[in-house]
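[1] Build the 3D model from these lines:
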Amino acid sequence: MNLRSLDELCSETIQSVLDELRLSSFDELLAEIGLGNQMSNVIAQRLLGEPLLIDTDGNPENNQPLKIEGIENRLISFANCCLPIPGDEIIAHVSSGKGLAIHNACCGNVKDYATEPSNYLPVEWEIAKEKAIQFETEIVLDIINEPGVLAGITSTLAKLNSNIGSINSEAREGNIYQVRVQISVENKEHSELILRKLLSVKGVVKAARKQ
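    Below you'll find the model as predicted:
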């Protein structure tokens, strides 16, 4: 067996690992990893059905990343704090009762990765080209408070096949407003194209993704 995606893990595979470790549920397995009672990379290799290689220091050698196909399920979810999208470097945080939370590797909420590696699993994107999957992300715009700016923003997003989930604004100094827009994108390249196009909209003075 050569499974590479969390989405492809069948219930029999998971149950086999649970039986081997004498655990009653997948959540209990995640709790054991979170408590440091089980090594995340060892569990990953067992779930993948691959042989575990040990290096000269006694550590697992073939700690291959699990593949993330972009669909949330009972095993995986995308963290709201950083809203990772394909093209971002990502890491999975093991959370008891919540499965694996996928974070942008630059997210401040996973800065303890180096000191607490047992709480994390290596992951990477694997999005099939034929799958038209949209991901949520948030962009932050500084705009001049004048007529037509918001209309220009929404029109640009529509032309670039990006849907708007929510818009929130906050007054800044002078005649500037900061606008936070939750949008749908295909990947990092798509989001960067959107930001470039938005900067060409009259009245938009700054555009960036939420970090």
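[2] Three-state assignment for residue 28, please.
    helix (DSSP: H, G, I helix; E, B strand; the rest coil).
[3] Need the three-state assignment for the residue nearest to it when sequence neighbours are not counted.
    Nearest residue to residue 28, sequence neighbours excluded (CB to CB, 6 or more residues apart in numbering): residue 18, at 7.8 Å. Every residue, glycine included, has its C-beta placed from N, CA and C. Three-state call for residue 18 (three-state DSSP): helix.
[4] Now the element after the helix or strand of the chain with the lowest mean pLDDT, going C-ward?
    Taking mean pLDDT, DSSP states H and E as the measure, helix 40-48 is the helix or strand of the chain with the lowest mean score, a mean of 64. As assigned by DSSP states H and E, the chain's next helix or strand after helix 40-48 is strand 66-68.
[5] Strands along the protein, start to end?
    Using DSSP state E, the strands of the chain run over 66-68, 76-78, 90-95, 99-104, 120-125, 135-144, 164-171, 176-185, 204-209.
[6] got TSV for these, with mean neighbour count and distance to residue 193 too?
    Shown next, in TSV, are those (neighbours: other CB atoms under 10 Å; distance: least, CB to CB, whole Å):
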stretch	mean neighbour count	distance to residue 193
strand 66-68	21	22
strand 76-78	19	21
strand 90-95	22	21
strand 99-104	22	19
strand 120-125	20	18
strand 135-144	19	12
strand 164-171	12	16
strand 176-185	18	9
strand 204-209	16	11
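[7] Domain-wise, how is this structure divided?
    6-125, 135-209 (automatic domain parsing).
[8] Flag whichever of these has the least confidence on average.
    Mean pLDDT is lowest for domain 6-125 among the domains of the chain, at a mean of 73.
[9] Residue 81: neighbour count?
    Residue 81: 14 surrounding residues under other CB atoms under 10 Å.
[10] Next up, the contacts around it.
    Taking CB atoms under 8 Å, 6 or more residues apart in numbering as the criterion, residue 81 is in contact with 103, 107-109.
[11] pretty sure residue 176 contacts residue 204?
    No - between residue 176 and residue 204 there is no contact under CB atoms under 8 Å: 10.8 Å.
[12] Any chance you could list residues touching both of these two?
    With CB under 8 Å, 6+ apart, residue 176 and residue 204 have common neighbours 142-143.
[13] related to what we said a few turns ago, next, count neighbours for the residue nearest to residue 28.
    15.
[14] quick one: it from residue 119, how far?
    Relative to residue 119, residue 18 is positioned 20 Å away (CB to CB, to the nearest Å).
[15] what does residue 177 give?
    The separation that residue 177 has from residue 119, given CB to CB, amounts to 39 Å.
[16] what's the answer for residue 80, then?
    18 Å.
[17] Which one's more surrounded, the two?
    Comparing residue 80 with residue 119 by other CB under 10 Å, the one with more neighbours is residue 119, at 19 against 9.
[18] That one and residue 67: what is the separation?
    Taking CB to CB, one finds residue 119 at 20 Å from residue 67.
[19] Then residue 13?
    15 Å.
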